[in-house]
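K.L.:
model this:
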Amino acid sequence: MEPVGAGALLALLRNGQAQTRAELAQLTGLSRSTVAQRIDALLEHRWIVPKEDAVSSGGRPAVSFAFNAGARVVLSADVGTRQTRVAVTDLATQVLAERSQDMAISEGPEYVLKWLVQEFENLLAETGHSFADVCGIGIGLPGPVEHTTGRPVNPPVMSGWDGFDVPGWFEHRSGAPVLVDNAVNVMALSEHEALSPQAEHLLFVKVGTEIGCGIITEHRLHRGAQGAAGDIGHIQVTTAPERVCRCGNIGCLEAVASGWAIAERLRDLGEDAADSQDVVRLVRARNAAAIQMIRQAGRDIGDVLASLVNFFNPGAIVIGGDLSDVGEHLLAGVREAIYSRSLPLVTQHLNIRVRQLGDRAGVIGASLMVIQHALSPAAVDRAVADG
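P.N.:
As a prediction, this is how the structure comes out:
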């Protein structure tokens, strides 16, 4: 049995299982003196604060404690192919300040990351904080990331980023630990948190310039052996077997159903469409060609998801990314394909919906990734031991 340290007590206070020293002693089996020592350590590090008096089982007032979401702040960034959003949050993922900037990721890592450092400094100043208050930095990137190192690996749309040591570059300049992951994974974290506890098994599908999938199983993010799980954008589909994808293969889902692919076909028809946002604009303007293409994109995505539904049996599928803003046009195609090609048992209680958090999903998910790491029992125990 693992020792019950201060971090384990903090976890019990955070999830509401306990509020007082007596409750903590009862749940953990620790002596009251040991619980008192560990509570004092958590108070000293400001992880918890006393709250209003609670009534103990004996009728005497007992001091209760609450998690202090303002003990530290988190810096988070959702780096897209054309736009980047940054935010500072508290330890409950409450956004304290944020901003976004149009920026091509093809500018390269040095350019983009220097901008992030400057904007993080501005946000900290705006909220009255400094890097000394930061418990971690979370960054989502629009491509495959080796989770153990935080380095992008052969990203199709990120020229100059392959193998770049993003955490090392950032930690040297900020002094804070840095976690980096594929943007779709951090979005899956935030959308799962928004649906939890209903969604024990969830697929989050990002449909924008790229197409990817974040996988939640038993309330945990599944990254796979190297962090590449969920790369559904490069599964081959049958509707356009000769269409060339930006990865170099032909017939990829991304080559027929992503924002860039639809925009390209609309341009061939003479429409003014440069990217995913233009596709959304045309659909909202009731452009018949755009609506037809979005419906077919939904069916193509749904065909791929139907296989995943039969294999994985999720309780929920959340559609996010820029193209999710077209609403029912995309969702109808996805549902049509999934329900026609999946077993009745696996779709019996399946919830298929669009994202809840909108454009904030990336920064909230990146913040949540840091919080889960920084507030893990082992990490809290180390922080307490280090003073």
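K.L.:
lowest confidence element among the helices and strands of this structure?
P.N.:
Lowest by mean pLDDT, DSSP states H and E among the helices and strands of the chain is strand 54-55, with a mean of 48.
K.L.:
Using PDB, write out every CA atom in stretch 367-374.
P.N.:
Extracted C-alpha coordinates of stretch 367-374, given in PDB (Å, rounded to 0.1, in the frame of the first residue of the first chain):
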ATOM      1  CA  SER A 367      -4.400  24.300 -18.400                       C
ATOM      2  CA  LEU A 368      -6.100  21.100 -17.200                       C
ATOM      3  CA  MET A 369      -3.200  19.000 -18.400                       C
ATOM      4  CA  VAL A 370      -0.900  21.100 -16.200                       C
ATOM      5  CA  ILE A 371      -3.200  21.000 -13.200                       C
ATOM      6  CA  GLN A 372      -3.600  17.200 -13.300                       C
ATOM      7  CA  HIS A 373       0.200  16.900 -13.400                       C
ATOM      8  CA  ALA A 374       1.000  19.600 -10.800                       C
END
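K.L.:
what comes into contact with that stretch?
P.N.:
With contacts defined as Cβ atoms under 8 Å, 6 or more residues apart in numbering, stretch 367-374 is touched by 72, 74, 76, 87, 89, 91, 93, 135-138, 177, 179, 181, 185-186, 189-190, 193, 379-380. Where you see a C-beta, it was placed from the backbone N, CA and C, and this is true even at glycine.
K.L.:
The residues you listed in strands, which ones?
P.N.:
Residues of the contacts of stretch 367-374 located in strands (DSSP state E): 74, 76, 87, 89, 135, 136, 137, 138, 179, 181.
K.L.:
Neighbour count and distance to residue 28 for these - can I get that in a markdown table?
P.N.:
Shown next, in a markdown table, are the ones in strands among the contacts of stretch 367-374 (neighbours: other Cβ atoms under 10 Å; distance: Cβ to Cβ, whole Å):
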| residue | neighbour count | distance to residue 28 |
| --- | --- | --- |
| 74 | 26 | 28 |
| 76 | 32 | 32 |
| 87 | 26 | 35 |
| 89 | 26 | 30 |
| 135 | 19 | 25 |
| 136 | 23 | 27 |
| 137 | 26 | 32 |
| 138 | 31 | 30 |
| 179 | 22 | 29 |
| 181 | 25 | 32 |
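K.L.:
out of these, who's nearest residue 244?
P.N.:
Closest to residue 244 out of the ones in strands among the contacts of stretch 367-374 is residue 181 (28.3 Å), distances taken as Cβ to Cβ.
K.L.:
can you pull the contacts of the closest residue to that closest one other than its chain neighbours?
P.N.:
Nearest residue to residue 181, sequence neighbours excluded (Cβ to Cβ, 6 or more residues apart in numbering): residue 145, at 5.4 Å. Listed by Cβ under 8 Å, 6+ apart, the contact partners of residue 145 are 151, 152, 153, 180, 181, 182, 227.
K.L.:
Could you look up the SS state of the last one?
P.N.:
Residue 227 carries the three-state label coil when classified by DSSP: H, G, I helix; E, B strand; the rest coil.
K.L.:
What's the local residue count around the closest residue to residue 104 other than its chain neighbours?
P.N.:
Spatial nearest neighbour of residue 104, excluding adjacent residues (Cβ to Cβ, 6+ apart): residue 82 at 6.0 Å. Under the neighbour criterion other Cβ atoms under 10 Å, residue 82 is assigned a count of 18.
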